[in-house]
Structure formats: C-alpha cells, structure tokens
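Visitor: model this:
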Amino acid sequence: MRGEKVCAIEGCNEPASKEVDRSFLPFIQELKLKLKDDVGKKIPLCRKHYKMVKQVRDAQLSGF
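Guide: Numbers count the residues shown, from 1 in each chain. Okay, here's the model as predicted:
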C-alpha cells in the first residue's frame, strides 16, 4: 500500500483529506498558493487548504 497522501501546497505536510481535479487550479493560484512539483491529475489538499480553495471557488461561482 502506498504511503498516506500529503497536501500538495508547498510548505504544508498535513495529510490530504480531499483530492480535487485541475479545475481548482485557478482558485489555488488566486490565493497565491504554490503547488509542489510532483502533482499529477488530482491535487491532494489538507482540510485547511481545501476549505480555503472551496470558499474562493464558491464565491466566484455564486458571483459574490
């Protein structure tokens, strides 16, 4: 079994609680967060970073 996935945000070593697809990338970039180099099709995020990215995504999709 592979090791536990960790958050893909540079400097964060928390365990990933969710994996999002690359459609979340613009929202991650808007928060000025940098991804680690080894990110594939799915982006693993810890609970804290997932919540931050989801809030930005929901705000933009709802039009504020």
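
Visitor: residues in contact with the most centrally placed residue in the chain?
Guide: The chain has Leu45 as the residue nearest its centroid, 4.2 Å off, counting by Cα atoms, centre = their mean. Leu45 makes contact with Cys7, Ala8, Ile9, Ala16, Ser17, Lys18, Glu19, Val20, Val53 under the criterion Cβ atoms under 8 Å, 6 or more residues apart in numbering. The way it works is simple: take the backbone N, C-alpha and C, and place the C-beta from them, glycine included.

Visitor: filter the residues you listed to the buried ones?
Guide: Taking 16 or more other Cβ atoms under 10 Å as the criterion, what is buried in the contacts of Leu45 is Cys7, Ala8, Ile9, Ala16, Lys18, Val20, Val53.

Visitor: Kindly reformat these as a markdown table containing secondary structure.
Guide: A markdown table is the format used below for the buried ones among the contacts of Leu45 (DSSP: H, G, I helix; E, B strand; the rest coil):
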| residue | secondary structure |
| --- | --- |
| Cys7 | coil |
| Ala8 | coil |
| Ile9 | strand |
| Ala16 | coil |
| Lys18 | strand |
| Val20 | strand |
| Val53 | helix |
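
Visitor: which of these lies closest to Glu30?
Guide: Val53 (8.8 Å; Cβ to Cβ).

Visitor: Asp38: which of the buried ones among the contacts of Leu45 is nearest?
Guide: Using Cβ to Cβ, Ala8 comes nearest to Asp38 of the buried ones among the contacts of Leu45, at 8.2 Å.

Visitor: Am I right that that closest one is in contact with Leu33?
Guide: No: Ala8 is beyond contact range of Leu33, at 9.3 Å (criterion: Cβ atoms under 8 Å).

Visitor: quick one: the residue lying closest to Ala16 once chain neighbours are set aside and Ala59, what's the gap?
Guide: Nearest residue to Ala16, sequence neighbours excluded (Cβ to Cβ, 6 or more residues apart in numbering): Pro44, at 3.3 Å. Using Cβ to Cβ, to the nearest Å, we find Pro44 at a distance of 23 Å from Ala59.
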